[in-house]
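S.K.: I'll drop the sequence and a predicted model, then ask my questions.
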Amino acid sequence: MELAAVSDGHSAQLHAKLIKTAPHFDSFLANYVLRAYSKSPRPHRALRLFLHHHSQPLAPIPDRFTFAPLLSAAARLGCADTGRQLHALLLKSSLFPSSSTQSLNSLIHFYSSCRLLLPALQVFDEMSERDVVSWTSAISAAADADSPRHALRLFDSMVADGIQPNEATAVAALRSCADLGALSTGRRIHRIARVHGFSSKPNVATSLLDMYAKCGRIDLAEEIFRGLPEKDVFAWTAMIFGLAYHERSREALDLFQDMVEMGVQPDDRTITALLCACRSKAWVAEGYRVYNNMHKFGITPRIQHYGCMVDLLARGGHLSEAEGFIRRMPVEPDAVLWRTLIWASMIHGDSERAERLMEKRKLLEMDPVDSGSYVLMGNVFGSLGKWEKKAKVRETMVKRRTGKLPGCSRIEVNGVVHEFEAGDSGHPEAERIYEKWDEIVERLRVEGYSPHVSEVLLDMEDEEKASQLHHHSEKLALAFGLINTSPEEEILIVKNLRSCQDCHSAMKLISRIYGRKIMVRDRIKFHHFSNGCCSCGDFW
DNA sequence: GTAGGGTTAG
């Protein structure tokens, strides 16, 4: 009875009483309380109780059930140092290395929660015995740390090791497939889930729905959605996002109406999905309507909602309105938000505004590790013909060694995901890919295509600019796809940035010349290219 | 009496 109260985490008196009676506390009871605290709204109480025990002469002895709740509390609190100390304590304890699998599983999860992928994988690598939770924790860690290819490699190793995936494994692996656009791998996981009978569990079904939508099969996503007997906010939101991603904005907004009529309470992500639907069609009035109605659902706008609104206004050319919107919003704008407006200013030909915002906002100081700001600044200076300034930005970027990839494209062929960067020559088939692209360029030229050299904001000759454009990552991925897929197959390319003008024009023509259906998923929407046209109607 | 798990502005 009393312990049930502890699990609510609200009973301070009971906590004090438990601490006083510590000498009578055996390990079983102590672990029970630690577990209850770690799951409560105040997980730090678990850590405090453990520390208290540690200083007692008759303290309960830590056993194989003790570390998991502590590490889980440290993970929830994001206490990296506390978790590291627990790690050290665990290694020193008599529990290690025997009967430590569960504790080490929690340790993997702890490192992953603190965004420390390498230590998480190191713990996993050094484990003498791994169960399904160890594998799943490692796969989730990789998936969370933007290493979806690594996550899928781990998934394959797990299956090869004869460990059966469960629901949690499927969810983590499906998220990686969704990230990568790895449709055939996603389908394989769907089959596994069906065989094991958990494909209709709400969390798995939502992951499947999301995976199909992000892998270009919105039809299969809808099929799963329709088949769900109970649709919760996760399922509705994932479906609305999917429709928005595929530019079926009207249906996305209508689906939201259905959701509300069904009595399902939207959350802040549902609103984000709606705003994305409005943005992709440049529906300013609809966007404002969604934004102004948020409070009716008890939802306070957050930076992502402001971000969508600014993008909606700025991309539609309402630059001053977007800037005013940023100045009036009650939260501090971040680098992403300023970049959105600066980028839109540049593409709408207002490079002066772009430069003013950039310099005034000290963009590079806001987020010095994200290469996005450097690339954008370089582009703005390029558009103004300020080559020295552009060179200087580039120099700073190299000096600071910013980690993130500026642009890459991925394509799955025969169940394997291939990744390309601009000008990439690292792929084993690089030579064939470049030859293929030369052939494509020749056919494009016959059809009257000329490269959009004005898009290359570098101080160089047109010929060199054309060569730069030709080696954009999505073109390399496409050339690879054309070589390695059969003519009736639809090609899906996943890009981490927005589409560029030249690639967009080229994709349209290639879809006609080669008679292929090509899908490009960029940062914000799907482009379905077919017979010389794109579903986005050339607005993005 | 164990650990991990669905949608998320660019």
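M.R.: Now that the structure is in, tell me what you want to look at. Numbering: from 1, shown residues only, chains lettered A, B, ... in the order given.

S.K.: Now stretch A:50-60: buried residues?
M.R.: If you call a residue buried by 16 or more other Cβ atoms under 10 Å, then stretch A:50-60 has these buried ones: A:50, A:53, A:59-60. All C-beta atoms are positioned from the backbone trio N, CA, C, and that covers glycine.

S.K.: same thing with stretch A:155-163?
M.R.: Neighbour-count burial for stretch A:155-163 [16+ other Cβ under 10 Å]: A:155, A:158-159, A:163.

S.K.: nearest residue to A:Thr270 other than its sequence neighbours?
M.R.: In this structure, A:Thr270 finds its nearest non-sequential neighbour in A:Thr237, 4.6 Å apart by Cβ to Cβ, 6 or more residues apart in numbering.

S.K.: Ignore what I typed, I meant A:Arg188.
M.R.: Nearest non-adjacent residue to A:Arg188, counting by Cβ to Cβ, 6+ apart: A:Gly415, 7.3 Å away.

S.K.: ok, that neighbour touching A:Gly186?
M.R.: No: here A:Gly415 does not reach A:Gly186: they are 10.3 Å apart, not a contact under Cβ atoms under 8 Å.

S.K.: so of the buried residues of stretch A:155-163, which ones are in helices?
M.R.: Residues from the buried residues of stretch A:155-163 lying in helices, with DSSP state H as the criterion: A:155, A:158-159.

S.K.: Phi first, then psi, for the closest residue to DNA strand B within the stretch 401-540 of chain A.
M.R.: Using Cβ to the nearest atom of the strand, A:Ile524 is the residue of the stretch 401-540 of chain A that sits closest to DNA strand B, at 3.5 Å. The phi/psi pair for A:Ile524 (degrees, to the nearest 10) reads phi -120, psi -20.

S.K.: for the one 5 residues further on, same thing?
M.R.: Backbone torsions for A:Phe529, taken as degrees, to the nearest 10, come to phi -100, psi 130.

S.K.: For it, give the beta-bridge partners.
M.R.: On the basis of DSSP bridges, A:Phe529 is bridged to A:Ile518, A:Cys534.

S.K.: Pretty sure A:Tyr514 is one of the things it touches, is it not?
M.R.: No: the pair A:Phe529 / A:Tyr514 is not scored as a contact, 10.5 Å apart, by Cβ under 8 Å.

S.K.: And the pLDDT at A:Asp370?
M.R.: Note on A:Asp370: pLDDT of 76.

S.K.: And stretch A:55-69, end to end?
M.R.: One end of stretch A:55-69 sits 19 Å from the other (Cα to Cα, to the nearest Å).

S.K.: And for stretch A:517-524?
M.R.: The stretch stretch A:517-524 measures 20 Å between its terminal residues, going by Cα to Cα.

S.K.: buried set for that stretch?
M.R.: Neighbour counts over stretch A:517-524 (16+ other Cβ under 10 Å) mark A:517-522, A:524 as buried.

S.K.: what does stretch A:421-428 give?
M.R.: Residues of stretch A:421-428 classed as buried under the neighbour-count rule (16+ other Cβ under 10 Å) are A:421-422, A:424, A:427.

S.K.: With stretch A:359-368 instead?
M.R.: Applying 16+ other Cβ under 10 Å to stretch A:359-368 flags A:361, A:363-364, A:366-367 as buried.

S.K.: Backbone dihedrals for A:Tyr514, both of them.
M.R.: Residue torsions, per degrees, to the nearest 10, at A:Tyr514 are phi -90, psi 0.

S.K.: how many other residues sit next to it?
M.R.: Close neighbours of A:Tyr514, defined as other Cβ atoms under 10 Å, add up to 15.

S.K.: Just give the number of residues close to A:Lys231.
M.R.: Around A:Lys231 there are 18 other residues, counting by other Cβ under 10 Å.

S.K.: Can you tell me how far it is from A:Tyr212?
M.R.: Per Cβ to Cβ, to the nearest Å, A:Lys231 is found 16 Å from A:Tyr212.

S.K.: Over to A:Arg327?
M.R.: Counting by Cβ to Cβ, the gap from A:Arg327 to A:Tyr212 is 41 Å.

S.K.: So those two - more neighbours on which side?
M.R.: A:Tyr212 (26 against 8).

S.K.: And for the helix or strand where that one lies, what's in contact with it?
M.R.: A:Tyr212 belongs to helix A:202-214 when assigned by DSSP states H and E. Contact with helix A:202-214 is made by A:167, A:170-171, A:174-175, A:177-179, A:181, A:183, A:186, A:189-190, A:193, A:198-199, A:218, A:220-221, A:224-225, A:227-228, A:230, A:232, A:234-235, A:238-239, A:241-242, A:245-246, A:521, as judged by Cβ atoms under 8 Å, 6 or more residues apart in numbering.

S.K.: What helices and strands are in contact with the helix or strand following it?
M.R.: Counting by DSSP H and E, the next helix or strand C-terminal to helix A:202-214 is helix A:218-227. Judged by 3 or more Cβ pairs under 8 Å, 6 or more residues apart in numbering; DSSP states H and E, the packing partners of helix A:218-227 are helix A:202-214, helix A:233-245.

S.K.: and the helix or strand following the last one, is it in reach of DNA strand B?
M.R.: The reference is to helix A:233-245. Downstream of helix A:233-245, the first helix or strand assigned by DSSP H and E is helix A:249-261. No: using Cβ under 7 Å from any atom of the strand, we find that helix A:249-261 stays clear of DNA strand B, coming within 11.0 Å at best.

S.K.: what ranges do the strands span in chain A?
M.R.: Remark: strands assigned in chain A by DSSP state E are A:408-413, A:416-421, A:491-495, A:518-521, A:526-530, A:533-534.

S.K.: can you put the ones you listed in TSV and add distance to A:Cys278?
M.R.: Listed next are the strands of chain A as TSV, based on distance: least, Cβ to Cβ, whole Å:
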stretch	distance to A:Cys278
strand A:408-413	27
strand A:416-421	32
strand A:491-495	22
strand A:518-521	19
strand A:526-530	16
strand A:533-534	20
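
S.K.: Comparing those, which comes out most buried?
M.R.: Among the strands of chain A, judged by mean count of other Cβ atoms under 10 Å, the one packed with the most neighbours on average is strand A:491-495 (a mean of 25).

S.K.: That one relative to strand A:526-530, how many degrees between them?
M.R.: With axes from the mean of the first three to the mean of the last three Cα atoms, to 10 degrees as the basis, strand A:491-495 and strand A:526-530 are set at 150 degrees to each other.

S.K.: Quick check: which helices or strands does strand A:491-495 pack against?
M.R.: strand A:408-413, helix A:473-484, strand A:518-521.

S.K.: Make a markdown table from these and add distance to DNA strand B and mean pLDDT to it.
M.R.: A markdown table is the format used below for the helices and strands packed on strand A:491-495 (distance: least, Cβ to the nearest atom of the strand, whole Å; pLDDT from 0 to 100):
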| stretch | distance to DNA strand B | mean pLDDT |
| --- | --- | --- |
| strand A:408-413 | 14 | 95 |
| helix A:473-484 | 15 | 95 |
| strand A:518-521 | 11 | 97 |
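
S.K.: okay, now the domains of chain A?
M.R.: Chain A resolves into domains spanning A:1-129, A:301-404, A:408-534 when parsed by automatic domain parsing.

S.K.: Export those domains as JSON lines, with columns for distance to A:Leu274.
M.R.: Listed next are these as JSON lines, based on distance: least, Cβ to Cβ, whole Å:
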{"stretch": "domain A:1-129", "distance to A:Leu274": "29"}
{"stretch": "domain A:301-404", "distance to A:Leu274": "9"}
{"stretch": "domain A:408-534", "distance to A:Leu274": "14"}
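
S.K.: By proximity to DNA strand B, which residue of the stretch 201-350 of chain A wins?
M.R.: Closest point on the stretch 201-350 of chain A to DNA strand B, by Cβ to the nearest atom of the strand, is A:Gly307, at 1.4 Å.

S.K.: For that residue, grab the count of nearby residues.
M.R.: 19.

S.K.: Contacts only, for it.
M.R.: A:336-337, A:340.

S.K.: and what of A:Phe124?
M.R.: A:108, A:130, A:134, A:137-138, A:141.

S.K.: Weed out the non-buried ones from the contacts of helix A:202-214.
M.R.: A:167, A:170-171, A:174-175, A:177-179, A:181, A:183, A:186, A:189-190, A:193, A:198-199, A:218, A:220-221, A:224-225, A:228, A:234-235, A:238-239, A:241-242, A:245-246, A:521.
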